[in-house]
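Undergrad: this one's sequence-less:
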């Protein structure tokens, strides 16, 4: 928990009382004393500090110094729907890396049963997204959209989703590495299922002006490919508006 | 299991009988028939095909067409010893990405108890390394070395470990992105513990001529940072001798 994520609805009179998982983490791991400050972030809002005004089974903080200038990458991710246990990690990763919209799509190699898992049917994303925000130190909750049919998605929706994003990348083995492009910012990145996209699916993405890129020669699990792709994007392309701070010292 | 990993000792008269985890995977997931071929790799040796000559609870294959020209990246990885559950994943990732030597070191933010886990005390790496080889489609088993004291490691051993590797990278927040360097090949990459290296530790790596690089603005878990770092290395730097094949079609 690198950032304590608070729903703005939890704040009353500039104070929030944290119990449950967050309360336990604060009590057992951070162990603050009254007057200490904690790094907090409001969902879809600013980051700031919370001054501890009461601690015990629950922790009550006073919200302070909210700073709204954090920038998240302008990146849309498309992923073939992974199996539920993997999907939880992918949701957390997407949130941690600041993905704006996550499109979970069908593909020939996606098992039908993945769509009928309770995680997907009931759209129980939020818990895993919040865990990702806590890990990655971000506050923007990605939008998650599920598309049960591949063809209507790529043919009818994809052009609108891509908008005028010049950078559209399809992770695909044996392609060139990602470019180090200094133009544009909005990026759409697509990651296939275990076993990869079929030729038909690759053709559809190419028709939508996606560039195939390789993440190296290693065949990755989806939950390795997501951080590999997103970190590669961020280190080779300008995705965020705010430059990284210089190395201290 | 993208590659069925076989210990050369298991091969008798050019045949190997696979049971247990591999046998189950072949029977339940791959479901081959007699005469079918499977992609196999010999530990620390070539890849090739195995022709199925008997299948049932166990699968017997005949080893064929061994091809010894696979190249693994010339990369040495240094990681602050993670907690056991994370270490299993890091071992698999290191093997999958073709890391040659993995040095697990102490750091101020490594809990002492991590060194006394049975995984570390008994050096039970092999199972997780083999899982990584199966996932990544590689055959070279990384060497795993444990160093219980930080200072003797960086002061006495690190110069010899780095040898004449010109590329020495320390993953550290708020640093510049990795260079896209076309010179040299041998690379040494160091990843810190959850919570990061201390200033003292960073200084020691800098003294050993490591360059701090950033993997972006996201605070990553160790098992996200490893694929992020290794994929970034491979896509920005020439790590392997064999170029990627062109995109089919």
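TA: Received it, and whenever you're ready, just let me know what you need. As the structure is a computational prediction, the values presented were derived from the model and not from experiment. Numbering: from 1, shown residues only, chains lettered A, B, ... in the order given.

Undergrad: just the element for the residue nearest the centre of chain A, please.
TA: Nearest residue to the geometric centre of chain A (CA atoms, centre = their mean): residue A:94, 1.8 Å. In this assignment (DSSP states H and E), residue A:94 forms part of helix A:84-96.

Undergrad: does chain B have contacts with stretch A:43-62?
TA: No: for stretch A:43-62, no contact with chain B is found by CB under 8 Å from any CB of the partner chain; the gap never falls below 12.5 Å. In this view, the C-beta of every residue, glycine as well, is placed from N, C-alpha and C.

Undergrad: average pLDDT across that stretch?
TA: Mean pLDDT, stretch A:43-62: 93.

Undergrad: re earlier: list the helices and strands the helix holding residue A:94 packs on?
TA: Contacts defined by 3 or more CB pairs under 8 Å, 6 or more residues apart in numbering or on different chains; DSSP states H and E place helix A:84-96 against strand A:101-105, helix A:118-121, helix A:126-136, helix A:222-236.

Undergrad: single out the most deeply packed of those.
TA: With neighbours taken as mean count of other CB atoms under 10 Å in any protein chain shown, the helices and strands packed on helix A:84-96 reach their highest mean count in helix A:222-236, at a mean of 26.

Undergrad: now that one: mean pLDDT?
TA: For helix A:222-236, the per-residue pLDDT averages 89.

Undergrad: also stretch A:76-85?
TA: pLDDT averaged over stretch A:76-85 gives 95.

Undergrad: now do stretch A:102-122
TA: 95.

Undergrad: chain center to it, what's the gap?
TA: From the chain centre to the centre of stretch A:102-122 is a distance of 18 Å (CA atoms, centre = their mean, to the nearest Å).

Undergrad: do the same with stretch A:52-70
TA: 24 Å.

Undergrad: residues in contact with that stretch?
TA: Applying CB atoms under 8 Å, 6 or more residues apart in numbering or on different chains, the contact partners of stretch A:52-70 are A:6, A:11, A:14-19, A:22-23, A:26-27, A:32-38, A:40, A:42, A:45-51, A:138-139, A:242.

Undergrad: phi first, then psi, for the residue lying closest to residue A:158 once chain neighbours are set aside.
TA: Spatially, and ignoring its direct neighbours in sequence, residue A:158 is nearest to residue A:208 (4.9 Å; CB to CB, 6 or more residues apart in numbering or on different chains). With angles defined as degrees, to the nearest 10, residue A:208 sits at phi -90, psi 20.

Undergrad: residue A:208: neighbour count?
TA: 17 (other CB atoms under 10 Å in any protein chain shown).

Undergrad: hang on, it packs against residue A:162?
TA: Yes: look at residue A:208 against residue A:162 with CB atoms under 8 Å: they come within range, at 6.7 Å.

Undergrad: residues shared between the contacts of the two?
TA: Common neighbours of residue A:208 and residue A:162 (CB under 8 Å, 6+ apart) are residue A:168.

Undergrad: what's the spacing between the residue nearest to the centre of chain A and chain B?
TA: 11 Å (CB to the nearest CB, to the nearest Å).

Undergrad: grab the nearest non-local neighbour of that residue.
TA: residue A:102 (4.7 Å).

Undergrad: quick one: the one you found and residue A:143 touch, right?
TA: Yes: the criterion here is CB under 8 Å, and residue A:102 meets it with residue A:143 at 7.1 Å.

Undergrad: thinking again about what came up before, buried subset of the contacts of stretch A:52-70 as a ChimeraX selection?
TA: The buried residues among the contacts of stretch A:52-70 can be selected in ChimeraX (16 or more other CB atoms under 10 Å in any protein chain shown) with this line:
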select /A:6,11,16,18,22,23,26,27,32,38,40,42,46,47,48,49,50,51,138,139
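
Undergrad: tell me how many other residues crowd the residue lying closest to residue A:26 once chain neighbours are set aside.
TA: Spatial nearest neighbour of residue A:26, excluding adjacent residues (CB to CB, 6+ apart): residue A:59 at 4.7 Å. Per other CB under 10 Å, the neighbour tally for residue A:59 reads 25.

Undergrad: please report how far residue A:59 lies from chain B.
TA: 21 Å.

Undergrad: so how far is residue A:35 from that residue?
TA: Separation of residue A:59 from residue A:35 (CB to CB, to the nearest Å): 13 Å.

Undergrad: and if you look at residue A:187?
TA: Taken as CB to CB, the span from residue A:187 to residue A:35 is 43 Å.

Undergrad: phi, psi of residue A:154?
TA: Torsion angles, degrees, to the nearest 10, at residue A:154: phi -70, psi -30.

Undergrad: next one: phi and psi at the closest residue to it other than its chain neighbours?
TA: Excluding its sequence neighbours, the residue lying closest to residue A:154 (CB to CB, 6+ apart) is residue A:204, at 4.3 Å. Main-chain torsions, residue A:204, degrees, to the nearest 10: phi -60, psi -40.

Undergrad: need the helices and strands packed on helix A:84-96 in CSV (columns: distance to residue B:169).
TA: As requested, the helices and strands packed on helix A:84-96 are arranged in CSV below (distance: least, CB to CB, whole Å):
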stretch, distance to residue B:169
strand A:101-105, 30
helix A:118-121, 37
helix A:126-136, 21
helix A:222-236, 12
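
Undergrad: closest to residue A:166 out of the ones you listed?
TA: Closest to residue A:166 of these, according to CB to CB: helix A:222-236, at 13.7 Å.

Undergrad: quick one: residues contacting the residue in chain A sticking out farthest from the centre.
TA: Farthest-out residue of chain A from its mean C-alpha position, per CA atoms, centre = their mean: residue A:34, at 33.2 Å. Residue A:34 is in contact with A:52-55, counting by CB under 8 Å, 6+ apart.

Undergrad: at 6 Å instead, please
TA: residue A:52 (CB atoms under 6 Å, 6 or more residues apart in numbering or on different chains).

Undergrad: how much space between it and chain B?
TA: Residue A:34 is 24 Å from chain B, by CB to the nearest CB.

Undergrad: go on, residue A:237?
TA: 10 Å.

Undergrad: before we move on, what about residue A:45?
TA: 18 Å.

Undergrad: part of a helix, is that residue?
TA: No: under DSSP: H, G, I helix; E, B strand; the rest coil, residue A:45 sits outside any helix and is assigned coil.

Undergrad: beta-bridge partners for residue A:51, please?
TA: residue A:37, residue A:62 (DSSP bridges).

Undergrad: quick check: it touching residue A:36?
TA: No: Residue A:51 is not in contact with residue A:36 according to CB atoms under 6 Å; the separation is 7.5 Å.

Undergrad: count the neighbours of residue A:60 for me.
TA: 18.

Undergrad: tell me which element it falls in.
TA: strand A:59-67.

Undergrad: what does residue A:57 give?
TA: Short version, using DSSP H and E: residue A:57 is in no helix or strand.

Undergrad: how near is it to chain B?
TA: Residue A:57 is 25 Å from chain B, by CB to the nearest CB.
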